[in-house]
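1. 3D, please:
(one chain, ligands or ions: 1)
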Amino acid sequence: MRRKLPAVLLSAALAFVVTACGSGSGGTTTADDGKITLGFSQVGSESGWREANTKSIKESASTAGIDLKFSDAQQKQENQIATIRSYIQQKVDVIAFSPVVVTGWDAVLKEAQAAKIPVVLTDRAVDSDASLYVSFLGSDFVKEGEAVGDWVLNEYKDATGPVNIVQLEGSVGSAPAIDRKKGFEAKIASNPNLKVIASQSGDFTRADGKEVMTAILKANPKIDLLFAHNDDMGLGAIQAIEEAGKKPGVDIKIVTIDAVKDGMQALADGKINFIAECSPLLGDQLMEIVKQIKAGQPVEKRIITKETTFTQEQAAEALPSRKY
Ligand code: GYE
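-> Just a heads-up that it's a prediction; the model follows:
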């Protein structure tokens, strides 16, 4: 009986043919079985978002028949640089990584370019020259910060006195922390009642979110609103707020970014008031880009993820079918 080859296998096979024809004896490690090798350096496992992102990348690679080398940098740039260098040495076909911080990538990106290994950025941006990478796939973090800012503007449009705001920032020097802060602060600047009274990094983790919020609560008796740059820090802060004898979502309103399951549950439960979504499901698009690169097809330089926002009612509705 004749069986049709699944589309993914077929395109992987085609990609190999193109590669094989084009590369001569150029010594790539494209395996004998025709598989494309992708080296991926992940930021870490700091949040629910990151867990979902890792799962998406691993699953999509396996579905696409791409041989994935995966490494967790534990939120350290030096680990990512070392991993990328090892992928260059191993002559993988494509390198993809989610840069922990924005700065400091020029040298290693130039090394990859010199070795003729295309690099794809996923999730987070770098400040290096755009000629040093092929494509950047991920969210518009400024827009996410603006979406939260818009909600806050509307929520306090009738405020007659100061609204005290606390901001829990993401990892210092990371694109989402820089851009979410920028988008949020630009929006709320139009209402002079909205005052950021404390703004500190919680490194995108639940533990740091709790610790930093505990200290901020002690130092500031009147807090009206918390903006946490991700759900996990918000969830940590919820614990701190409850331990301080206050009601999250009521005594202190909370707005966050990501919309992972635990965040959405807290939103539906009334402990968070609003979430701007940031999709971690980048795997399928990344594998598509990798295949296009290997097939010698043009790829888009910037691919922006589509996202939405959630109120408490919308979270309750969306939760049952939520994938992450
Ligand atoms: O929002 C946060 C994670 O880079 C978009 O990193 C990502 C952020 C995400 O730790 O939860």
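
2. need the contact list for the residue nearest the centre of the chain.
-> Taking C-alpha atoms, centre = their mean as the criterion, residue 123 is the residue nearest the geometric centre of the chain, at 4.5 Å. Residues counted as contacts of residue 123 (C-beta atoms under 8 Å, 6 or more residues apart in numbering) are 43, 53, 98, 137-139, 280, 282. Every residue, glycine included, has its C-beta placed from N, CA and C.

3. tell me which of these is nearest to residue 170?
-> Closest approach between the contacts of residue 123 and residue 170, by C-beta to C-beta: residue 43, at 10.8 Å.

4. what is the burial count for the closest one?
-> Per other C-beta atoms under 10 Å, the neighbour tally for residue 43 reads 29.

5. go ahead and confirm it touches residue 98.
-> Yes. The pair formed by residue 43 and residue 98 meets the contact definition of C-beta atoms under 8 Å, at 5.0 Å.

6. please identify every residue contacting each of these two.
-> With C-beta under 8 Å, 6+ apart as the test, residue 43 and residue 98 both reach 123-124.

7. in this protein, where is pLDDT below threshold?
-> 1-33 (pLDDT under 70).

8. point out the residues in the stretch 51-200 of the chain that sit beside the ligand.
-> For the stretch 51-200 of the chain, the residues found near the ligand under the criterion C-beta under 6 Å from any ligand atom are 123-124, 176.

9. turn those residues into CSV, including secondary structure.
-> What follows is those, written out as CSV (DSSP: H, G, I helix; E, B strand; the rest coil):
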residue, secondary structure
123, coil
124, coil
176, helix
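
10. next one: residue 126 from the ligand, what distance?
-> Using C-beta to the nearest ligand atom, to the nearest Å, residue 126 is found at 13 Å from the ligand.

11. what of residue 181?
-> For residue 181, the distance to the ligand - C-beta to the nearest ligand atom - is 13 Å.

12. quick one: that residue and residue 168 touch, right?
-> No. With contact defined as C-beta under 8 Å, residue 181 does not reach residue 168; the gap is 10.5 Å.

13. who touches both of these two?
-> Joint contacts of residue 181 and residue 168 (C-beta under 8 Å, 6+ apart) are residue 229.

14. compare those two (neighbour count), which wins?
-> Using other C-beta under 10 Å as the criterion, residue 181 and residue 168 rank with residue 168 on top: 29 against 20.

15. am I right that the more buried one is in a strand?
-> Yes. Membership of residue 168 in a strand is supported by three-state DSSP.

16. contact partners for it?
-> Residue 168 neighbours (C-beta under 8 Å, 6+ apart): 200-202, 209, 212-213, 226-229, 233-234, 237.

17. okay, those residues in TSV with distance to residue 271 next?
-> Shown next, in TSV, are the contacts of residue 168 (distance: C-beta to C-beta, whole Å):
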residue	distance to residue 271
200	21
201	22
202	17
209	13
212	18
213	13
226	11
227	15
228	12
229	17
233	14
234	9
237	10
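
18. kindly supply the ChimeraX command isolating those of those that are buried.
-> Buried residues within the contacts of residue 168, by 16 or more other C-beta atoms under 10 Å, are selected in ChimeraX with:
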select :201,202,209,212,213,226,227,228,229,233,234,237
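
19. of the contacts of residue 168, closest to the ligand?
-> residue 229 (6.8 Å; C-beta to the nearest ligand atom).

20. separation between the closest residue to the closest one other than its chain neighbours and residue 272?
-> For residue 229, ignoring the flanking residues on the chain, the nearest one in space by C-beta to C-beta, 6 or more residues apart in numbering is residue 170 at 4.0 Å. Here residue 170 is placed at a distance of 17 Å from residue 272 (C-beta to C-beta, to the nearest Å).

21. between the two, which one's more packed in?
-> Between residue 170 and residue 272, counted using other C-beta under 10 Å, residue 272 has the larger neighbour count: 30 against 27.

22. returning to that earlier point: show me the contacts of residue 168 that map onto strands.
-> 200-201, 226-228 (DSSP state E).

23. among those residues, which two are most distant?
-> 201 and 226 (14.1 Å).

24. can you give me the helices in the stretch 1-150 of the chain?
-> Taking DSSP state H, counting those that start in this stretch to define them, one finds helices in the stretch 1-150 of the chain at 7-23, 48-64, 77-89, 106-114, 141-155.

25. do you know which of the ones you listed lies nearest residue 276?
-> Nearest to residue 276, of those and by C-beta to C-beta, is helix 141-155 at 4.1 Å.

26. dump the residue contacts of the closest residue in space to residue 324 that isn't next to it in sequence.
-> Take residue 324 and drop its neighbours on the chain: the residue closest to it by C-beta to C-beta, 6+ apart is residue 52, 3.6 Å away. By C-beta under 8 Å, 6+ apart, the contact list for residue 52 reads 260, 280-281, 323-324.

27. before we move on, what about residue 204?
-> Counted by C-beta under 8 Å, 6+ apart, residue 204 has contacts 46-47, 50, 170-171, 174, 176-177, 229-230, 232-233.

28. for those, which one is nearest residue 36?
-> residue 50 (24.2 Å).

29. can you give me the neighbour number for residue 169?
-> For residue 169, the neighbour count with other C-beta under 10 Å is 23.
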